[in-house]
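Q: Coordinates for the following, if possible.
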Amino acid sequence: MIDFYCGSGSPYAWRVWLALEHKAVPYELHMLSFSAGDLRTDAFRAINPRGRVPAITDGDLALGESAAIVEYLEDAYPQAGQPLFPADAKARAHVRRMVRDADEYVAHALEALVDELLFKPPGEADAAAVAAGRQRLVDELAAFEGAGGGPFLAGSAGAADFTLYPMVALALRMEERRDAALGIRAALGPRLTAWMAAVAALPSFERTYPPHWRTA
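A: Residues are numbered from 1 along each chain as shown. Sure thing, here's the model as predicted:
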């Protein structure tokens, strides 16, 4: 059984959690606390020396980095559950490109907002930095507006959806709880709005929703 080390609200950890459920791979969840220092313990750093979630162990394998973990789940458990990547090589390359776009461009824009709106006390965010991060994020999300030809980014639910959705969800949570003027939801086009609803309707969604978001 896979041991899955997660942190509530981390979009990268949520990606792996969605993938585990989608693949129906047996796992044991270890929900770590950022504030309690769980990621800094010697025991966890033996699993991931960078002290970051997500991480998994599977037998003698210890693996960090969410994109690598999702690829591993597909390769190690090809017959389990639903596929995370298309079988066709060209379609698979297209999904990998979307994953990379999300990790390299959407995530960097999001991290600028996280730095200002989550890691600084309320009221101390740099307005110019927030505006710049918001515009970068909106521009990058617009590039996904035309992706896919069905309810999901690549035909059926999989790695691209599980990469991008948690990032957008975190941006919307910051808008709801930290800066109502952020305007991320209003900037989403009809394609991405419908896509978000499709992801939220997946059985794996409710089982993986960040626990502390339910109560805070």
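
Q: Okay, helices next: where are they in this protein?
A: 11-23, 42-47, 66-76, 89-101, 107-117, 127-144, 159-177, 184-187, 190-200, 203-208, 211-215 (DSSP state H).

Q: which of these sits most buried?
A: Highest mean neighbour count of the helices of the chain: helix 11-23, a mean of 25 (counted as mean count of other CB atoms under 10 Å). The C-beta positions use only the backbone N, C-alpha and C, and glycine is treated the same way.

Q: what is the rounded mean pLDDT of that one?
A: The average pLDDT for helix 11-23 rounds to 98.

Q: next one: that helix to chain centre, how far?
A: Centre-to-centre, helix 11-23 and its host chain are 8 Å apart (CA atoms, centre = their mean, to the nearest Å).

Q: Next: stretch 208-216.
A: 14 Å.

Q: Name the residues that touch it?
A: The contact list for stretch 208-216 (CB atoms under 8 Å, 6 or more residues apart in numbering) reads S8, G9, W14, W17, L18, E21, M31, R173.

Q: For the residues you listed, which two are the farthest from each other?
A: Across the contacts of stretch 208-216, no pair lies farther apart than E21 and R173, at 20.5 Å, counting by CB to CB.

Q: Give me the phi and psi angles of the closest residue in space to V16 that isn't next to it in sequence.
A: Leaving aside its chain neighbours, V16 sits nearest to P54 (4.4 Å; criterion: CB to CB, 6 or more residues apart in numbering). The phi/psi pair for P54 (degrees, to the nearest 10) reads phi -90, psi 170.

Q: Can you tell me how far T193 is from W14?
A: Using CB to CB, to the nearest Å, we find T193 at a distance of 20 Å from W14.

Q: quick one on the thing from earlier: would you list the contacts of stretch 208-216 in a markdown table and tack on distance to A125?
A: Output for the contacts of stretch 208-216, formatted as a markdown table (distance: CB to CB, whole Å):
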| residue | distance to A125 |
| --- | --- |
| S8 | 23 |
| G9 | 18 |
| W14 | 24 |
| W17 | 29 |
| L18 | 29 |
| E21 | 34 |
| M31 | 28 |
| R173 | 15 |
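
Q: for those, which one is nearest L153?
A: L153 lies nearest to L18 out of the contacts of stretch 208-216, by CB to CB, at 13.2 Å.

Q: Quick one: residues contacting F4.
A: By CB under 8 Å, 6+ apart, F4 lies in contact with V16, W17, L20, Y27, E28, L29, H30, P54, A55, I56.

Q: Whichever of those residues end up buried, select them in PyMOL.
A: Buried subset of these, written as a PyMOL selection, criterion 16 or more other CB atoms under 10 Å:
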select buried, resi 16+17+20+27+30+54+55+56
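
Q: That'll do, ta.
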